[in-house]
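Q: 3D model of this:
(chains A and B)
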Amino acid sequence: MNFLESIRIGWRSIGSHKLRSTLTTLGVIIGVAAVITFMVLGSGFTASIIGDIEADQEPVMMVQTQTVPEDGFGIMTVDSPIYTESDIAELEELDGVEFVAPEGGLDVVQAGTDDEQVTGVIDVQATTADAFEFSTFVDGETFDGPDEAVVNEQASQAFEANLSAGDELTLTFEDGETETVTVAGVVESELGDQTPPTVYVPAEPYYTTTIGTPDGDEERAYPFLQVGAEDLDAVDPVQEDVTEYVEDESHAAELKQDGDEIEVQTVEDAIEQFSDIVDQLTLFIGAVAGIALVVGSIGIANIMIVSVTERTREIGIMKAVGARRRDVMQLFLVESVILGVIGALVGVALGLAAGYAGVTLLEWPMAYPLEWIAIAIVVGVSVGVVSGLYPAWRAARVDPIEALRHE
Amino acid sequence: MGYESDSAATAVVAEDVRRTYHLAEPVHAVDGVSLSLAEGSFTAVMGPSGSGKSTLMNLVGCLDTPDDGRVAIAGQSVGELSDDDRAHLRGTEIGFVFQTFDLMARLTAAENVTLPMVFHDPVDADRRERARALLERVGLGDRLEHKPTELSGGQRQRVAIARALANEPSLVLADEPTGNLDSETEAEIMDLFVELNDEGTTILLVTHEREVAEYADHVVHLLDGRIEDVEHLGERRDVAVGDRVTGALEEVTGDV
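A: All right, here's what the predicted structure looks like:
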């Protein structure tokens, strides 16, 4: 039997049960749409961050401590202060290193201007002016002296009257003490919208966390270091040297907890790690959404079995007028494949629409996950074949004599 | 028994055919029937229910195979064929007309008529044309695109007859073709069968109504799975019949 002919006949019989066919494909539609939506959102999220970073790549790398949570997902950053002043001094001596800027959080509970107080949301980091070597300032410049601070755009916008250079900012520490600093500049956030509002103050004199070194001294120590290379070409060799030093010779190597890993990440590495995690997460959610597809194919199989029973007499007639087993099989398979493909196509369209609405709302870039669209359509066909196989086989085996006796 | 020589002129041969159903106890639905339908003949099979009419029709229609004996359609022995080969044989050599018309509800009249052609030859470009010709032949040239639900009972049966003729079969098998029709329409349909027969189509008609059977040239009376009697109503065509009791094929010849 001609393939086109069976598509025509299959389509006709689907069309004669519009409501039933619609409800049947709904399972596949929802499954495919959910998968596509999550893929669009995942790619959009990744692109929103990577796009910002890649736009102006800097010859910097982060030195930080990471751990794999015992029963968690992905990688966690540890913020125990293990990078000592001596480590910083040693690193600064390495070839190709332009600067080493430490970074460590301060326990600030409230930040305020004369008119307005912001509690809790603002993160205060102690660092050095070098940290802003490659940063872009939207207003003012880096701090220069103990009574100045740099805020990022998020922190600036945390205040109703956006902070700008020259504003006075009073920080209230956890122990109740207060310090007043002048905003020297507003810096653009490297990670775009995802960065928390942060105020940067000079490590000298605000940062006071110390640790006992393996040498027996008490030194200031930080949880993060930012290492700047002389230029982009120097990044790779510097990364190698820095890694070698921190992993083998530094105080940090001895101070870190068992199981913690010291990571020296360039911007590129960070992007990679980040998209790996997002990809894993997207895949996981996608797989959950894929369960809807399984439910969908059971729905198709179910309705096809009903349809075979309903059409027993019709099958008998087709066999009487010369339909062979494979003709009957083909007719029913084509019908379930049409249902699967329609489900997949509508699902893709719906998924893209929902994904588009989502990324528009979140102001992420739209992504078209082409390989997932291809996969969805292949899955639609497979769902049709798999769920139609058994019903079609039953139809093909209908005994024409029995069938013609069937009312 | 010389079937080879007959095959050119014989559409269907049944030779001491038996079919037993094994229910609670064995039921000999067809119990030694021999019958030979010459090409161009018009034969009716009559009998009360349970006489084996349907079973005989299934056997002659290649839907069933005999437990014993031999059925041959257009020279091909049915018992030796696989399911699919029998389906193919049905498609090419036999046209079915059923009491309940049994058209495909979702297909138009023309599509119903092309259906056997579709199964027979997937790459047949002018089947639409032939379907139109067949529907014109049964008087439905203006109903090509109508669905069965838009047609009267008589019109539906005409479509079914056109479908039966789709692949130019050796035999048209009609099972109570007028059972669901009023007497006026019945006469129209039976006249159509007579016309087709006059044009050379071999017809085997199963009925329990005497007046319908009388359109045929020969009437075979079945009782308890055997041929009880053969009536010759007209002398226009040939039918050869026999049964187990005589154990031989009784040849009846006439002018074709």
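Q: C-alpha from now on. contacts and neighbour counts both.
A: Noted.
Q: so what's the residue in the stretch 151-300 of chain A positioned nearest to chain B up against?
A: Closest approach between the stretch 151-300 of chain A and chain B, counting by CA to the nearest CA: residue A:300, at 20.7 Å. Residue A:300 sits next to A:24, A:25, A:336, A:339, A:340, A:384, A:387, A:388 when contact means CA atoms under 8 Å, 6 or more residues apart in numbering or on different chains.
Q: inside strands: which ones of those?
A: The strands, defined by DSSP state E, take in nothing from the contacts of residue A:300.
Q: which of those residues are close to chain B?
A: Checked against chain B using CA under 8 Å from any CA of the partner chain, those give no members in range.
Q: hmm, residue A:50 is touching residue A:273, no?
A: No - at 11.1 Å, residue A:50 does not count as touching residue A:273 under the criterion of CA atoms under 8 Å.
Q: could you check which of the two has the larger neighbour count?
A: Each of residue A:50 and residue A:273 has its neighbours counted (other CA atoms under 10 Å in any protein chain shown); residue A:50 has more, 21 against 15.
Q: for that one, helix, strand, or coil?
A: Following DSSP: H, G, I helix; E, B strand; the rest coil, residue A:50 is assigned to helix.
Q: hang on, the earlier thing: what kind of secondary structure is the residue of the stretch 151-300 of chain A closest to chain B in?
A: Per three-state DSSP, residue A:300 ends up helix.
Q: which regions of the stretch 151-256 of chain B sit below the pLDDT cut-off?
A: Low-confidence segments of the stretch 151-256 of chain B, defined by pLDDT under 70: B:234-256.
Q: from residue A:257, how far out is the closest residue to chain A within it?
A: Taking CA to the nearest CA as the measure, the point where the stretch 151-256 of chain B comes nearest chain A is residue B:164, at 7.8 Å. Using CA to CA, to the nearest Å, we find residue B:164 at a distance of 87 Å from residue A:257.
Q: of the two, who's got more company?
A: Using other CA under 10 Å, the more surrounded residue of residue B:164 and residue A:257 is residue B:164, with 28 against 14.
Q: nearest spatial neighbour of that one, skipping sequence neighbours?
A: residue B:95 (3.8 Å; CA to CA, 6 or more residues apart in numbering or on different chains).
Q: any idea how many residues pack against residue B:132?
A: 21.
Q: which residues in the stretch 1-150 of chain B form helices?
A: B:3-6, B:53-60, B:83-93, B:109-120, B:127-137 (DSSP state H, counting those that start in this stretch).
Q: residues in chain B within reach of chain A, list them.
A: Checking chain B against chain A by CA under 8 Å from any CA, the hits are B:58, B:63-64, B:83-85, B:87-92, B:94-96, B:102, B:104, B:106-107, B:115-116, B:118-123, B:164.
Q: how about JSON lines for the helices of the stretch 1-150 of chain B, with distance to residue A:103 added?
A: Compiled in JSON lines, those are given as follows (distance: least, CA to CA, whole Å):
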{"stretch": "helix B:3-6", "distance to residue A:103": "104"}
{"stretch": "helix B:53-60", "distance to residue A:103": "91"}
{"stretch": "helix B:83-93", "distance to residue A:103": "80"}
{"stretch": "helix B:109-120", "distance to residue A:103": "78"}
{"stretch": "helix B:127-137", "distance to residue A:103": "82"}
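Q: now for these, which one comes closest to residue A:372?
A: Nearest to residue A:372, of all the helices of the stretch 1-150 of chain B, is helix B:109-120, at 37.5 Å by CA to CA.
Q: which SS class is the residue of the stretch 301-407 of chain A found nearest chain B?
A: Closest residue of the stretch 301-407 of chain A to chain B, CA to the nearest CA: residue A:322 (3.6 Å). Using three-state DSSP, the structure places residue A:322 in coil.
Q: you'd agree it is up against residue B:92?
A: Yes - using CA under 8 Å, residue A:322 makes contact with residue B:92 at a distance of 7.2 Å.
Q: overlap of the contact sets of the two?
A: Joint contacts of residue A:322 and residue B:92 (CA under 8 Å, 6+ apart) are residue B:120.
Q: quick one, which of those two is more surrounded?
A: A direct count of neighbours by other CA under 10 Å for residue A:322 and residue B:92 places residue A:322 higher, at 29 against 24.
Q: now do the contacts for the closest residue to the more buried one other than its chain neighbours.
A: Sequence neighbours aside, residue B:91 is the residue nearest to residue A:322 in space, at 3.6 Å (criterion: CA to CA, 6+ apart). Each residue near residue B:91 by CA under 8 Å, 6+ apart is listed here: A:320, A:321, A:322, A:323, B:116, B:117, B:119, B:120, B:167.
Q: the fifth one: neighbouring residues, count only.
A: Applying the criterion other CA under 10 Å, we find 28 residues in the vicinity of residue B:116.
Q: separation between it and residue A:47?
A: Separation of residue B:116 from residue A:47 (CA to CA) stands at 57 Å.
Q: tell me the contacts of the residue positioned nearest the centre of chain A?
A: By CA atoms, centre = their mean, chain A has its centre lying nearest to residue A:278, at 2.9 Å. By CA under 8 Å, 6+ apart, the contact list for residue A:278 reads A:42, A:46.
Q: partner strands of the helix or strand bottoming out on mean pLDDT in chain A, with direction?
A: Least confident helix or strand, chain A: strand A:76-78 with a mean of 82, by mean pLDDT, DSSP states H and E. Sheet pairing for strand A:76-78, assigned by DSSP bridges, gives strand A:60-67 (antiparallel).
Q: returning to what we had before: out of the helices of the stretch 1-150 of chain B, deepest packed?
A: Per-stretch averages of neighbours, counted by mean count of other CA atoms under 10 Å in any protein chain shown, single out helix B:109-120 among the helices of the stretch 1-150 of chain B, with a mean of 26.
Q: roughly how far apart are the residue of the stretch 151-256 of chain B closest to chain A and residue A:405?
A: 19 Å.
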